[in-house]
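[1] I would like the atomic coordinates for the input below:
(2 chains)
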Amino acid sequence: GNSVTQMEGPVTLSEEAFLTINCTYTATGYPSLFWYVQYPGEGLQLLLKATKADDKGSNKGFEATYRKETTSFHLEKGSVQVSDSAVYFCARNYGGATNKLIFGTGTLLAVQP
Amino acid sequence: EAQVTQNPRYLITVTGKKLTVTCSQNMNHEYMSWYRQDPGLGLRQIYYSMNVEVTDKGDVPEGYKVSRKEKRNFPLILESPSPNQTSLYFCASQGAGAGNTEAFFGQGTRLTVV
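    From the prediction side, this is the model:
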């Protein structure tokens, strides 16, 4: 099938802690993979993406590597800040011509000072 | 500034009273879609449109209608809203591409049906 599974939240960390949010996907081919972030009261915005195996997406100190062997795209950041508190969504594209995105259920990250 | 604008941001309505949520984008994008966000379920696609006058069902289309008469606008219509349509709705637009293009989202419409 086509699905995205990400770790349940909430994830609560202290400032400057290391962050990992796990994401795995199922697909028959090689989809493009994305992480979107939703800050409180806002819509989703693209954080980073990777379009082929072994690509690493990075932005604002966040990184994720497209691992086809483990069908994973885990999000990491070495030192989180309070301002990183948000909901993070892993997503893959559906394929074909639709541009449709398939989202995980979202992981709430709360960073405490 | 690249934008997807939804209106209204908040709406409380009664069962059966028709409503429309508007969505407009200024990026000349071909692809537009509507999602609903529910706790524990993430975002699920309701309808999408690949261009003017081309629309198709997403994963949860029941109870919704859409139209795409102009490239920039993609309204979501609830002909007879029911309480199970209480949700947070997002409109999104993307340029044409191979499925790896960034989706731009509106700020969301929180709908409550009583």
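[2] Give me the distance between stretch B:79-99 and the centre of its chain.
    Averaged C-alpha coordinates place stretch B:79-99 at 3 Å from its chain's average position (CA atoms, centre = their mean, to the nearest Å).
[3] Repeat that for stretch A:83-97.
    Put simply, stretch A:83-97 sits 6 Å off its chain's centre (CA atoms, centre = their mean).
[4] neighbours of residue 27, just the number please.
    Unless you meant another one, I'm taking chain A. Burial of A:Ala27 is recorded as 18 neighbouring residues (other CB atoms under 10 Å in any protein chain shown). C-beta coordinates here come from the backbone N, C-alpha and C atoms, glycine included.
[5] Correction: the question concerned chain B.
    Residues near B:Met27, counting by other CB under 10 Å: 14.
[6] isn't it right next to B:Lys71, touching?
    No - using CB atoms under 8 Å, B:Met27 is not in contact with B:Lys71, being 9.9 Å away.
[7] tell me the contacts of the nearest residue to B:His29 once chain neighbours are set aside?
    Once flanking residues are discounted, B:His29 sits nearest to B:Ser93: 4.0 Å by CB to CB, 6 or more residues apart in numbering or on different chains. Counting by CB atoms under 8 Å, 6 or more residues apart in numbering or on different chains, B:Ser93 touches B:4, B:25, B:27, B:29, B:31-33, B:74, B:103-104.
[8] Is A:Trp102 bridged to anything, and to what?
    If you look again at residue A:102, you'll see it is Ile, not Trp. Taking DSSP bridges as the rule, A:Ile102 bridges to A:Arg92.
[9] mind checking how far it is from B:Pro39?
    According to CB to CB, to the nearest Å, A:Ile102 and B:Pro39 sit 18 Å apart.
[10] Who has more neighbours out of those two?
    Legend: neighbour count by other CB under 10 Å for A:Ile102 and B:Pro39, higher for A:Ile102 (23 against 9).
[11] List the contacts of the more buried one.
    A:Ile102 neighbours (CB under 8 Å, 6+ apart): A:2-4, A:91-94.
[12] cutoff 7 Å now
    Going by CB atoms under 7 Å, 6 or more residues apart in numbering or on different chains, A:Ile102 touches A:2-4, A:91-92, A:94.
[13] Show the pLDDT at B:Gly99.
    Looking at B:Gly99, its pLDDT is 60.
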